[in-house]
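**Q** Predicted model and sequence follow; I will ask about them next.
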Amino acid sequence: QVQLVESGGGLVQAGGSLRLSCAASGRTFSSYVMGWFRQAPGKEREFVGGIGRNGGSTFYADFVKGRFTISRNNAENTVILQMNSLKPEDTAVYYCAATSLLVTMKEYEYHSWGQGTQVTVSS
């Protein structure tokens, strides 16, 4: 297991940007595929994007393509979600998660989760 802590959430106007960070504990961070999920009020948690173990592959949900970018720094045990052109519908609690499996959009395949960070986009 790996411990994950998200940071960087906050309030931003529509069209603005936020940079979320996820810090991981442990010496095996590079062995995990990392994902970002979000949960809006009254809705189920949904996949946002993910990044492979060496950062060479990324994939995103259709609703964030071209606006969000995921990167990772294995030397610093961090994964970043850069969010640009934010919309009010991006308002949610954002979670990072780790899996020992291949890159996946399936929530149940992630075994470690952070506590989440709130992102609020005003119109």
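**A** Good, I have the coordinates.

**Q** Which helix or which strand is home to the residue nearest in space to the middle of the chain?
**A** The C-alpha lying nearest the average C-alpha coordinate of the chain belongs to W36 (CA atoms, centre = their mean; 2.5 Å). If you go by DSSP states H and E, W36 is part of strand 33-39.

**Q** Excluding sequence neighbours, find me the nearest residue to S112.
**A** Nearest non-adjacent residue to S112, counting by CB to CB, 6 or more residues apart in numbering: A98, 4.3 Å away. In short, each C-beta sits where N, CA and C put it, glycine included.

**Q** Just read off the phi/psi values of the one you found.
**A** A98 has phi and psi values of phi -120, psi 140 when expressed as degrees, to the nearest 10.

**Q** Can you give me the separation between it and G16?
**A** Distance of A98 to G16, computed by CB to CB, to the nearest Å: 28 Å.

**Q** which one of these two has more residues nearby?
**A** A98 (24 against 14; other CB atoms under 10 Å).

**Q** show me the residues around the more buried one that make contact.
**A** Listed by CB atoms under 8 Å, 6 or more residues apart in numbering, the contact set of A98 reads 2, 4, 24, 32-35, 110-112.

**Q** hmm, 10 Å instead?
**A** Taking CB atoms under 10 Å, 6 or more residues apart in numbering, we find A98 in contact with 1-4, 22, 24, 26, 28-29, 31-35, 79, 110-114.

**Q** Without its sequence neighbours, what residue ends up closest to R67?
**A** Per CB to CB, 6+ apart, closest to R67 is S85, 4.6 Å.

**Q** F68 is in contact with the one you found, correct?
**A** Yes - assessed by CB atoms under 10 Å, S85 is found in contact with F68 at 9.0 Å.

**Q** helix, strand or coil for Q115?
**A** Applying DSSP: H, G, I helix; E, B strand; the rest coil to Q115 yields a three-state assignment of coil.

**Q** Quick check: phi and psi on it?
**A** phi -90, psi -10.

**Q** Isn't it up against A97?
**A** No - with contact defined as CB under 10 Å, Q115 does not reach A97; the gap is 11.4 Å.

**Q** Identify the contacts common to those two.
**A** Counting by CB under 10 Å, 6+ apart, the residues touching both Q115 and A97 are L4.
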